[in-house]
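Engineer: got a structure for you, letters missing:
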């Protein structure tokens, strides 16, 4: 019996030794693999890639890599928002001018757009189109468009990659793109939550500006609203100037 007990102890010792050797080998292999990861390509071979453009990859030790794009691929990113070609006539010549000294922003808006009073005049500006009709659900207007501009103080200066990474992890967010407003790098994206609306985040001089563009209608009517106001929205965004 003593001999049998000794045999069991030997077997357990061998198994424990094998497990420890295996764990040590795995740890060593993993550390060597991490040392060999120096860019996005090598990271993507072993770890998941975020569904963003450009692609992004994180390692367990906290490093972050972004996919390098060729010059041709970079051209596919959304360029600075521009008006479509016209006959040379300034289509905004009869638009009204709005200037907010305390907020540090000015822009032009079409005749018929209406400024909506807010409870936070120091950091918010809201405009609606003349055909805007609100429903019981403020996220689902019946018709027209509503543009809300909100300013938030921030101590962080975030790049497009950082903002894109945060947004790609948010529910209901899609079409995250890089753009530019008044020379400031910005990110645009679409949100589908109790409706469909476009958003912009523009870091400007210690503030994050959040632009929310809500479209009225549902299904086909929603598509028609977007198409109807697309050009006006582009011209409006092009007229923005931060002070």
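Structural biologist: On my side now, so go ahead. All values reported here derive from a predicted model rather than from experimental measurement. Numbering: from 1, shown residues only.

Engineer: name the residues of stretch 134-149 that are buried.
Structural biologist: The neighbour-count check on stretch 134-149 (16 or more other Cβ atoms under 10 Å) flags 134, 140, 141, 143, 144, 145, 146, 147, 148, 149 as buried. For the C-beta atoms, the positions are set from N, CA and C on the backbone; glycine is no exception.

Engineer: from the residues you listed, which land in helices?
Structural biologist: Among those, no residue falls in helices (DSSP state H).

Engineer: among these, show me the least confident.
Structural biologist: Lowest pLDDT of the buried residues of stretch 134-149: residue 140, 78.

Engineer: touching, that one and residue 215? I think so.
Structural biologist: No. Assessed by Cβ atoms under 8 Å, residue 140 is found out of contact with residue 215, at 9.8 Å.

Engineer: got the domain boundaries for this protein?
Structural biologist: 1-36, 37-77, 96-242 (automatic domain parsing).

Engineer: and the longest one, how far out from the chain middle?
Structural biologist: Here the centre of mass of C-alpha atoms in domain 96-242, compared against the chain's by Cα atoms, centre = their mean, to the nearest Å, lies 13 Å away.

Engineer: that domain spans what distance, first to last residue?
Structural biologist: Terminal residues of domain 96-242 are spaced 17 Å apart (Cα to Cα, to the nearest Å).

Engineer: backbone phi and psi for the nearest residue to residue 113 once chain neighbours are set aside, please?
Structural biologist: By the measure of Cβ to Cβ, 6 or more residues apart in numbering, the closest residue to residue 113 outside its immediate chain neighbours is residue 127, 5.0 Å from it. In terms of degrees, to the nearest 10, the main-chain angles of residue 127 are phi -130, psi 150.

Engineer: so what's residue 127 bridging to?
Structural biologist: residue 115, residue 147 (DSSP bridges).

Engineer: tell me the contacts of it?
Structural biologist: Residue 127 makes contact with 109, 113, 114, 115, 116, 146, 147, according to Cβ atoms under 8 Å, 6 or more residues apart in numbering.

Engineer: list the contacts for residue 189?
Structural biologist: Per Cβ under 8 Å, 6+ apart, neighbours of residue 189: 167, 173, 174, 175, 176, 177, 198, 199.

Engineer: repeat that for 6 Å
Structural biologist: Contacts for residue 189 (Cβ atoms under 6 Å, 6 or more residues apart in numbering) come out as 167, 173, 175, 176, 199.
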